[in-house]
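Chemist: only geometry, no sequence info:
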C-alpha cells in the first residue's frame, strides 16, 4: 500500500507529514513528531479516515500477494495501525496483518500503543521457535531487525541508502524478481 502519511501530507498540503520510517529509524521519535503535527494542524481521525478511504494498493500489489498466498502462508508485519489496516486490507483480500493501535479520544489521535517493541523481529523469532522457516521482505529502517532475524531476508523497493548500507540483504525492485527469490529460498 502507498505510505499513509505521505497520502495524508498530499491531501492536507502539510509537507511535514511526509517523514516516514525510510527517513527516521527511531519509530517513537517519528510518531511523536507526527502526533505533534496532527495536533498543531488540528487534524482529526475523521480526516485521516477520509484519506484511508482513497488509498488503493500499488500497481501489481494485489496480484503479487494473491500469487504469494497461493504458494505460501503469508503474514504481514506492519508498523501501521489497526484503524488504518481495517480500511486498507480489504483492497488486498484481507491478509493477516499484525500491527499497532492508535489511541483516539474525541476524534483526535492522541497517542499510539505498540503491539510490543520491535514486534517484527519478535514475531519472526516466535515463528522460528515454532519451527517455521521465515522468509521476509521489507523496505525501511524499521524492517532491518526483522530481515536480519529471518531465515532469508530481502529488501523490496528500498531506498538506495538502506540497500547500500545492508549489502547482506538481497534487494529487488520488481514483483517477478522478488517472487523468484522467494521461490528459490523456499525450495
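Modeler: Structure received. These numbers come from a predicted model, not from an experiment.
Chemist: for the residue nearest in space to the middle of the chain, give me the pLDDT.
Modeler: With distances taken as CA atoms, centre = their mean, residue 78 lies nearest the centre of the chain, 4.0 Å away. You'll see residue 78 listed with a pLDDT of 94.
Chemist: that's a strand at it, yeah?
Modeler: Yes. Residue 78: assigned to a strand according to DSSP: H, G, I helix; E, B strand; the rest coil.
Chemist: so which residues of the protein form helices?
Modeler: Using DSSP state H, the helices of the chain run over 4-12, 27-40, 45-54, 61-71, 82-88, 119-129, 144-149, 160-164, 175-186.
Chemist: could I get these as a markdown table with mean neighbour count?
Modeler: Placement of C-beta: from N, CA and C, glycine included. Output for those, formatted as a markdown table (neighbours: other CB atoms under 10 Å):
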| stretch | mean neighbour count |
| --- | --- |
| helix 4-12 | 18 |
| helix 27-40 | 16 |
| helix 45-54 | 15 |
| helix 61-71 | 14 |
| helix 82-88 | 18 |
| helix 119-129 | 17 |
| helix 144-149 | 20 |
| helix 160-164 | 13 |
| helix 175-186 | 15 |
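Chemist: these: which one's closest to residue 110?
Modeler: Proximity to residue 110 (CB to CB) singles out helix 27-40 among those, at 7.3 Å.
Chemist: sorry, back to before: mind putting the helices of the chain in a markdown table, distance to residue 96 and mean pLDDT included?
Modeler: Below are these laid out as a markdown table (distance: least, CB to CB, whole Å; pLDDT from 0 to 100):
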| stretch | distance to residue 96 | mean pLDDT |
| --- | --- | --- |
| helix 4-12 | 19 | 88 |
| helix 27-40 | 22 | 94 |
| helix 45-54 | 19 | 85 |
| helix 61-71 | 10 | 97 |
| helix 82-88 | 10 | 89 |
| helix 119-129 | 11 | 98 |
| helix 144-149 | 16 | 98 |
| helix 160-164 | 26 | 94 |
| helix 175-186 | 17 | 97 |
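Chemist: for this structure, longest strand please?
Modeler: strand 97-105 (DSSP state E).
Chemist: okay, buried residues for that one please.
Modeler: Residues 97, 99-100, 102, 104 are the ones in strand 97-105 that count as buried (16 or more other CB atoms under 10 Å).
Chemist: what strands line up against that strand, and which way round?
Modeler: strand 76-81 (parallel), strand 108-113 (antiparallel) (DSSP bridges).
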